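Q: Give the three-dimensional model of this entry:
(2 chains)
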Amino acid sequence: MRELIAVEHLSFSYPDGQQALSNVSLGIYEGDSVAIVGPNGAGKSTLVLHFNGILRSNGHVKLMGRPIDDNNLKWVRNRVGLVFQNPDDQLFSPTVFDDVAFGPMNMGYSRFEVERAVERALGLVGMSGFEKRSPHHLSIGEKRRVAIATVLSMAPEVLVIDEPTSNLDPRGKRDLVDVLMGLSITKIIISHDIELVKELCPRMVIIDQGMIVADGNTTNILADKKLLTAHGLATM
Amino acid sequence: MKHSFLDQYSNRNSLIHRLDPRSKLLATLVLIATLVLMPTGSWPAYGMYFFIIVTLILISRVPLHYVLRRSLVIIPFVLLVAVFIPFFKEGEVALSFKAWGWTFLVTHDGLELLWSILAKSWLSILSLVLLTSTTNFASLLLGLERLRIPRVMIILLSFMYRYIFLITDEAMRMKQARDSRSFRSGWLRQMRTVGNIIGTLFIRSFERGERIFTAMVSRGFDGHSRTLNSLQFGRIDSLFITGMILVLGIINLFTLFF
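A: Got it, this is the predicted structure:
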């Protein structure tokens, strides 16, 4: 299996001095579906912001063998699609079409290619026909799915999603899990939602206080109640 | 929370809805400009304008009472600005009264000016409500862009349209949270909490702005914005705009010279 993202000894602290990541090493392989789990403030979001070069890593993060740096940011962002936690931050255009077309347009697609990419992406998340709607008139579940489409329209190699099921009701969650299951793309999912992780991700990584404390088979890790409790993911 | 649409009825289908947003924008602009240039007290002309706007509303099949109701919003603002005019305009005195040791004089000319300003602003807002109820905001923006309005302003408007309700929601939630904790507090204390709410809203919006920017950058945004042009200025648009200019021109000429 090809290694898509390689993180080697990555440490990061924010300008205010807070250490967010210390000596993290991680490999993401083609076709993987990995859950990144950890308590609030553990550094999960900080880690994924390194995957598409929003936060710089001085060569500690490689995409398909190439270190991510200032010169290949465009190439990187075409391949790693980040979906943020709050769909209201992700969807900023007056219509759903404009939002889903934003990425492809920045990539310099032709009009025809843009339209095809939008159609395909909305189809993948089951939101065809919503092109002309305005994002603020959608339900939260619909917004989530459109947010995923905004990234899928760029046809990335890796899809990174931050907390896809937070604030969703059970049915919205079910729909979203089905959508994610239907996508045959390398997925990295940040979540606290153990049900979602069980269903979608055969591999699971636990991060706590900026360090990777577990990385392996989801079933095995979820069976280790002591480990989960120690990192605030289960209560005894 | 649910909000009314800024551009309710704009997705219906009628002759007016199908017009290119550019021709509607231009026609509205021409209408308002000629109306404003009309001399004070040309009531027959105002009547004609009203007739034209109502005809357009009827063609567009947007409920008349909806447009009328929305247009009333402007009246308090105009009154606030214009209510002093009758007192300052010189001319034949229509009314005088004494209060607090002062004598106030209201003139006929002043009153006529006040009514004219009210009529003009109400007619202008009527035509704007008609414009926004027959053109959805996205195509309105696209139209403005094609009319060479600077990109920065278009982006500003588009973000405003997208986020104004979110910010309103946030403010309403904060107000509810405040109301559930405070009873019987005085006016001054209230003002202080209002100040805090405004400050918090500002900081939150600022932080949201940063998150939106991150989301944009993640999708390859490099400071240039690109759009697909999907407007079509057809024959019906040329007809509409020529017709409007002709009709308005004739009304103005008659009013000015006869």
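
Q: Next, count neighbours for residue A:89.
A: Counted with other CB atoms under 10 Å in any protein chain shown, residues neighbouring residue A:89 total 21. Using the backbone N, CA and C atoms, a C-beta is placed for each residue, glycine as well.

Q: my bad, residue A:73
A: Residue A:73 has 17 nearby residues by other CB under 10 Å.

Q: Show the average pLDDT along stretch B:219-231.
A: Summarised as a single mean, pLDDT over stretch B:219-231 is 75.

Q: so how far is that stretch from its chain's centroid?
A: Here stretch B:219-231 is found 27 Å from its chain centre; the criterion is CA atoms, centre = their mean, to the nearest Å.

Q: Run through who's touching that stretch.
A: A:74, A:77-78, A:81, A:98, A:101-103, A:105-107, A:111, A:114-115, A:150-151, A:154, B:20-22, B:139, B:142-143, B:145-146, B:151, B:155, B:213 (CB atoms under 8 Å, 6 or more residues apart in numbering or on different chains).

Q: So which of those are in helices?
A: A:74, A:77-78, A:98, A:101-103, A:105-106, A:111, A:114-115, A:150-151, B:21-22, B:139, B:142-143, B:145-146, B:151, B:155, B:213 (DSSP state H).

Q: what about burial for those, which qualify?
A: Buried members of the ones in helices among the contacts of stretch B:219-231, counted by 16 or more other CB atoms under 10 Å in any protein chain shown: A:77-78, A:98, A:101-103, A:105-106, A:114-115, A:150-151, B:21-22, B:139, B:142-143, B:145-146.

Q: Point out the residues in chain A that sit beside chain B.
A: Chain A comes close to chain B at residues A:49, A:52, A:54, A:74, A:77-78, A:81-82, A:84, A:86, A:88-95, A:98, A:101-103, A:105-107, A:111, A:114-115, A:132, A:134-137, A:150-151, A:154, as judged by CB under 8 Å from any CB of the partner chain.

Q: switch the cut-off to 7 Å
A: Contact residues, chain A versus chain B (CB under 7 Å from any CB of the partner chain): A:52, A:54, A:74, A:77-78, A:82, A:84, A:86, A:88-90, A:92-95, A:98, A:101-103, A:105-107, A:111, A:114, A:135-136, A:150-151, A:154.

Q: What residue in chain B is the furthest from its centre?
A: residue B:101 (40.5 Å; CA atoms, centre = their mean).

Q: send the alpha carbons of the helix or strand bottoming out on mean pLDDT in chain B over as PDB?
A: Ranked by mean pLDDT, DSSP states H and E, the weakest helix or strand in chain B is strand B:93-99, scoring a mean of 76. In PDB, the C-alpha atoms belonging to strand B:93-99 read as follows (Å, rounded to 0.1, in the frame of the first residue of the first chain):
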ATOM      1  CA  VAL B  93     -46.800  80.500   7.100                       C
ATOM      2  CA  ALA B  94     -49.300  77.700   7.400                       C
ATOM      3  CA  LEU B  95     -49.300  77.200  11.100                       C
ATOM      4  CA  SER B  96     -47.600  78.700  14.100                       C
ATOM      5  CA  PHE B  97     -47.500  77.600  17.700                       C
ATOM      6  CA  LYS B  98     -45.700  78.500  20.900                       C
ATOM      7  CA  ALA B  99     -43.900  76.100  23.100                       C
END
